[in-house]
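Asks: Here is a sequence together with a model predicted from it:
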Amino acid sequence: MDSYDKEGGRAELAANLRGTAPHPSPPGARAAASRPAGASPTTSPGSGGDPGANTAAGEGADAGPGADAGPDADGVPVPRTGGIAGLSLPYQVVASVALAVVTVFTCYHLAMVFLHVAPSNTLTKQHGKAVDEWVFPEFEQNWKLFAPNPLQQNIAVHARAEITAADGGRRTTRWIDLTADDGEAIRGNLLPSHVNQNELRRGWDFFVNSHTTDNRPNGLRGRLSERYIRRIAMLRLDAHDLGGRVERIQLRSATRGIQAPVWSKEETDTRTYYRTLPWWTVTAADLPEGVERGEDGSRTEAHQ
């Protein structure tokens with residue numbers, strides 16, 4: 001053993017003098033050299049005689065629930081699979097069924113909307129009622145702006161009221177241009193209200209499209225449109241001082257064609273045509289919040 005230490009010391013001294021470091025001997029080599037001849041290596045208690053048992057156990061102890069799925073044949077870690085494939089079988093079934101339901105619903109909705117806006121054809125003639133029940137009123141489409149012949153008319157909605165004054169007498173107010181009121185609210189406003197832009201206009205379109213030319217309602221939609229347009233009219237009249245209690249109201253539309261441009265040879269009728277509706281008796285359901293404005297500006301309860 002003394003001779004080994006002396007030889008090792010000479011080798012290290014010679015290496016230092018040459019400017020190079022000797023290659024370190026493996027720990028096992030020095031241990032083997034220092035063991036007496038015939039001695040066998042000792043193992044730690046409980047190792048079972050397997051020197052690599054502790055190493056394998058230590059490596060496996062670091063594996064946790066979030067570890068990779070394991071190495072492949074080349075020793076490269078394989079990550080866990082994501083998406084639906086990474087779910088358990090019951091969750092895969094639920095996710096697949098939900099995706100299928102959403103896909104079918106979307107395709108059905110797009111088909112119904114397409115049939116609603118498409119020109120009249122065999123399908124719309126046979127299933128027009130089912131299409132209308134699906135589309136109206138939530139998914140109604142209005143494509144008149146993109147029609148081959150866009151609207152070339154100005155349509156204004158007017159209203160007048162029959163009121164009871166404070167002295168008990170009745171009188172009829174002048175016609176009030178409700179559309180002009182909306183125009184004044186929109187003009188110069190950078191962020192105009194959707195109510196001023198579309199409520200009255202769409203309400204009148206709803207009424208016209210669900211009534212005959214003699215103002216008879218076409219079923220439930222016609223009666224619903226009457227209540228809707230009456231409430232809109234009363235909301236707008238509530239902003240005017242009419243001088244008494246509103247008993248009845250009457251609406252009309254004023255339609256006038258737009259003058260053709262100077263370079264066009266098209267002849268346009270620019271006369272104003274009126275469509276006057278019958279008088280409607282006002283009920284509490286037609287009034288804003290069930291009340292109306294009195295002659296002195298106070299609000300009084302309406303009567304049936």
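Replies: Received the coordinates, thanks.

Asks: The stretch 151-300 of the chain: helices as residue ranges?
Replies: 178-186, 194, 200-209, 219-237 (DSSP state H, counting those that start in this stretch).

Asks: Kindly reformat those as TSV containing distance to residue 267.
Replies: Placement of C-beta: from N, CA and C, glycine included. Shown next, in TSV, are those (distance: least, Cβ to Cβ, whole Å):
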stretch	distance to residue 267
helix 178-186	26
helix 194	36
helix 200-209	25
helix 219-237	33
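
Asks: Quick one: closest of those helices to residue 130.
Replies: Evaluated over these, closeness to residue 130 peaks at helix 219-237, with 15.3 Å, by Cβ to Cβ.

Asks: In the helix or strand harbouring residue 110, which residues are buried?
Replies: Assessed by DSSP states H and E, residue 110 sits inside helix 89-117. For helix 89-117, a neighbour-count test (16 or more other Cβ atoms under 10 Å) marks 112-113, 115-116 as buried.

Asks: got it, and stretch 186-197?
Replies: Buried-residue list, stretch 186-197, by 16+ other Cβ under 10 Å: residue 196.

Asks: low-confidence ranges in the protein?
Replies: 1-82, 142-151, 288-304 (pLDDT under 70).

Asks: circling back: quick one: which of the helices of the stretch 151-300 of the chain is nearest residue 126?
Replies: Closest among those, using Cβ to Cβ: helix 219-237, at 19.7 Å.

Asks: what ranges do the strands span in the stretch 151-300 of the chain?
Replies: Counting by DSSP state E, counting those that start in this stretch, the stretch 151-300 of the chain has strands at residues 153-164, 170-172, 176-177, 245-257, 272-276, 280-281, 291-293, 299-301.

Asks: The first one - contacts with which helices or strands?
Replies: Counting contacts by 3 or more Cβ pairs under 8 Å, 6 or more residues apart in numbering; DSSP states H and E, the secondary-structure elements packed against strand 153-164 are strand 170-172, strand 176-177, helix 178-186, helix 200-209, helix 219-237, strand 245-257.

Asks: okay, those in a markdown table with distance to residue 286 next?
Replies: Shown next, in a markdown table, are these (distance: least, Cβ to Cβ, whole Å):
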| stretch | distance to residue 286 |
| --- | --- |
| strand 170-172 | 18 |
| strand 176-177 | 16 |
| helix 178-186 | 15 |
| helix 200-209 | 13 |
| helix 219-237 | 5 |
| strand 245-257 | 8 |
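
Asks: related to what we said a few turns ago, what about the helices of the stretch 151-300 of the chain, which gets the closest to residue 246?
Replies: helix 219-237 (6.8 Å).

Asks: buried set for the closest one?
Replies: So, applying 16+ other Cβ under 10 Å, buried residues of helix 219-237: 221-222, 225-226, 228-230, 232-237.

Asks: In CSV, please show the C-alpha coordinates belonging to it.
Replies: The C-alpha coordinates for helix 219-237 follow below in CSV (Å, rounded to 0.1, in the frame of the first residue of the first chain):
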residue,chain,number,x,y,z
GLY,A,219,-103.3,35.9,-36.9
LEU,A,220,-101.4,36.1,-33.6
ARG,A,221,-98.5,38.1,-35.1
GLY,A,222,-100.8,40.8,-36.3
ARG,A,223,-102.5,41.2,-32.9
LEU,A,224,-99.0,41.3,-31.3
SER,A,225,-97.8,43.9,-33.7
GLU,A,226,-100.8,46.1,-32.8
ARG,A,227,-100.0,46.1,-29.1
TYR,A,228,-96.3,46.7,-29.9
ILE,A,229,-96.8,49.7,-32.1
ARG,A,230,-99.4,51.2,-29.6
ARG,A,231,-96.9,51.0,-26.8
ILE,A,232,-94.2,52.6,-28.9
ALA,A,233,-96.5,55.4,-29.8
MET,A,234,-97.5,56.1,-26.2
LEU,A,235,-93.8,56.1,-25.2
ARG,A,236,-93.2,58.8,-27.8
LEU,A,237,-96.3,60.8,-27.0
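
Asks: Fine by me, we can end here.
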